[in-house]
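1. Model the following, please.
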Amino acid sequence: MQKISIDRLQAGVFISLAGVGWLRHPFMLNEFCISSEKQIRALQEMGLKEIHWDPVRSNAQPLPENAPHAVSHDEDFGSAALAGMLDEKRSRIERVRQRREQFARQERAYEKGAAVAADVLKTISGRPADGYAQARALVGSVVTGLLAAESVAIQLVNSKVREVGPASHAINVMVLSLMLGKALRLSEEDMKCLGMGALLHDAGKSEIPLRILRAASRTPPEEQFYRAHVGYGIMVVAGVRDLPAPVRNVIACHHESWDGSGFPNGLAAGKIPLLARLVAIADRYDNLCNPFDIKLAKTPAETITQLFKSEAAHFQAEILQSFVKTLGIYPPGSFVELSNGAVGLVVESDSADILHPMLMLYDEEIPRAEAILLDLRGSGLSVAGAANPASLPLAVVEYLAPRRRIDYYVEGKTA
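-> Next up, the predicted model:
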């Protein structure tokens, strides 16, 4: 960064106001590229004499020193420009506050759902009627909201729930599966079966020792024991009266592969029940993003790449493409770099506009609890590309994603 006089600013010069403090200037970002005379007038009205600029990120050079300025006899609208921008910033801050409240509601809904899922997985075998009733209520509430909506917003949640094992995985897979089912225009009955099957897909893992479940690699006998969780799952739900066949099929077939390489029966292509094909993708996605060993976790972008490049044969191509399209190019939980060089974390992706997600921006001048939430729509910025958290400073990663987990909740949106 270099210092220049305010009088040398013009459109295309990239400036930094980090030293001023975010609350003490009218702009939404501390660093940005000058785009209008209105912005320059606002800076002048703030009383600044000099400002930092970045030659690398600028699209234009500052005006020459001592460049002659045309004498204007027009009315000075500098004060009005500053006041207008401050009003706009206050309006944006209020919208951000409302979004924070919305995210807080979603986090509470996630925590409640995770608690219900934990109870369901604990009681479904011993008290099948109670467990099934809880599961139906949870799935029904999510499905009702999604079917009434025009688009789906999938949100990253920073849940405080302590249980990050089977219950969190069950909720994530249910959310991702229902999001996909909505995109594929499934009927209400199919959506309810899909949500129920996703919620219960790993019910049989309660019979498998943790040592085997958490192993990075398994011996052949251990792998055989692990695969038995599918059969155990069917046994766990055996006491549920009138459990729909599509739900049982999800539990039985969510590890079958499109190319026939899956288990337990080596089913292939169209022989695999449709709902099980959807849950298989959601299950694999969440397992890659949230493995038992957090050091093995992949970013959403890396996971999408792996599903397409290395594992595409395992899934029906059309369904996998729909899954990626609905999640967005940069799914929630993705670290990204913006066109102005800022780094952010995708916290929401709307299926109606996947190119413009909602981001949380890193700015060391702003406390994390007050971090900027930026809706890319109308911001003038774009995502330049995904950022690998391993290559980012630890302070940036801790600021944006202190939990290092990727948990989702989904909400229907109307126009």
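
2. Quick one: the strands in the stretch 101-250 of the chain, in order.
-> 151-157 (DSSP state E, counting those that start in this stretch).

3. all helices for it, in order.
-> Per DSSP state H, counting those that start in this stretch, the stretch 101-250 of the chain carries helices over the ranges 128-147, 166-183, 188-200, 210-213, 220-227, 229-236, 245-253.

4. a markdown table please, covering those helices and showing mean neighbour count and mean pLDDT.
-> C-beta here means a position set from N, CA and C on the backbone, and glycine is covered the same way. Below are the helices of the stretch 101-250 of the chain laid out as a markdown table (neighbours: other CB atoms under 10 Å; pLDDT from 0 to 100):
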| stretch | mean neighbour count | mean pLDDT |
| --- | --- | --- |
| helix 128-147 | 18 | 93 |
| helix 166-183 | 25 | 94 |
| helix 188-200 | 25 | 98 |
| helix 210-213 | 13 | 92 |
| helix 220-227 | 13 | 95 |
| helix 229-236 | 19 | 96 |
| helix 245-253 | 22 | 98 |
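
5. Of all the ones you listed, which one comes closest to residue 278?
-> Of all these, helix 166-183 sits nearest to residue 278, with 5.2 Å by CB to CB.

6. The residue most central in space within the chain and residue 180, how far apart?
-> Centroid-nearest residue in the chain: residue 332, 1.4 Å away (criterion: CA atoms, centre = their mean). As judged by CB to CB, to the nearest Å, residue 332 and residue 180 stand 15 Å apart.

7. between the helices of the stretch 101-250 of the chain, which one is nearest to residue 348?
-> Nearest of those to residue 348, taken as CB to CB: helix 166-183 at 12.6 Å.

8. helices and strands around that closest one, which ones?
-> Here helix 166-183 touches helix 78-123, helix 128-147, strand 151-157, helix 188-200, helix 274-289, helix 317-327, strand 407-413, going by 3 or more CB pairs under 8 Å, 6 or more residues apart in numbering; DSSP states H and E.

9. ok, now with 6 Å
-> Applying 3 or more CB pairs under 6 Å, 6 or more residues apart in numbering; DSSP states H and E, we find helix 166-183 packed against helix 78-123, strand 151-157, helix 188-200, helix 274-289, helix 317-327, strand 407-413.

10. re earlier: would you mind giving the helices of the stretch 101-250 of the chain as JSON lines with distance to residue 55 added?
-> Shown next, in JSON lines, are the helices of the stretch 101-250 of the chain (distance: least, CB to CB, whole Å):
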{"stretch": "helix 128-147", "distance to residue 55": "49"}
{"stretch": "helix 166-183", "distance to residue 55": "44"}
{"stretch": "helix 188-200", "distance to residue 55": "52"}
{"stretch": "helix 210-213", "distance to residue 55": "54"}
{"stretch": "helix 220-227", "distance to residue 55": "57"}
{"stretch": "helix 229-236", "distance to residue 55": "58"}
{"stretch": "helix 245-253", "distance to residue 55": "57"}
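
11. between these, which gets nearest to residue 327?
-> Across the helices of the stretch 101-250 of the chain, residue 327 has its closest neighbour in helix 166-183 (7.7 Å, CB to CB).

12. Pull the distance from that closest one to the chain's centre.
-> Offset of helix 166-183 from its chain centre (CA atoms, centre = their mean, to the nearest Å): 13 Å.

13. Check what contacts that helix and list those residues.
-> Here helix 166-183 makes contact (CB atoms under 6 Å, 6 or more residues apart in numbering) with 113-114, 117-118, 121, 146, 152, 154, 191, 194-195, 198-199, 278-279, 282-283, 286, 322-323, 326, 407-410.

14. among those residues, which ones are buried?
-> For these, a burial check counting by 16 or more other CB atoms under 10 Å picks out 113-114, 117-118, 121, 146, 152, 154, 191, 194-195, 198-199, 278-279, 282-283, 286, 322-323, 326, 407-410.

15. where does this structure have low pLDDT?
-> Residues of the chain meeting the criterion pLDDT under 70: 22-23, 67-93, 95, 151, 159-164, 403-404, 412-415.

16. mind giving me the domain ranges of it?
-> Taking automatic domain parsing as the domain assignment, the ranges for the chain are 2-67, 106-330+404-413.

17. could you redo those domains as CSV and give each row distance to residue 96?
-> Shown next, in CSV, are the domains of the chain (distance: least, CB to CB, whole Å):
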stretch, distance to residue 96
domain 2-67, 9
domain 106-330+404-413, 15
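
18. do you know which of the ones you listed lies nearest residue 94?
-> Closest of the domains of the chain to residue 94 is domain 2-67, at 12.6 Å (criterion: CB to CB).

19. beta partners of residue 5?
-> residue 50 (DSSP bridges).

20. thought residue 257 was touching residue 314?
-> Yes. Counting by CB atoms under 6 Å, residue 257 does reach residue 314; the two are 4.1 Å apart.

21. Can you give me the distance of residue 384 to residue 344?
-> Residue 384 is 11 Å from residue 344, by CB to CB.

22. what about these two, which has more around it?
-> Taking other CB atoms under 10 Å, residue 384 and residue 344 do not tie; residue 344 has more neighbours (28 against 13).

23. my read is that one is in a strand, agree?
-> Yes. Judged by DSSP: H, G, I helix; E, B strand; the rest coil, residue 344 forms part of a strand.
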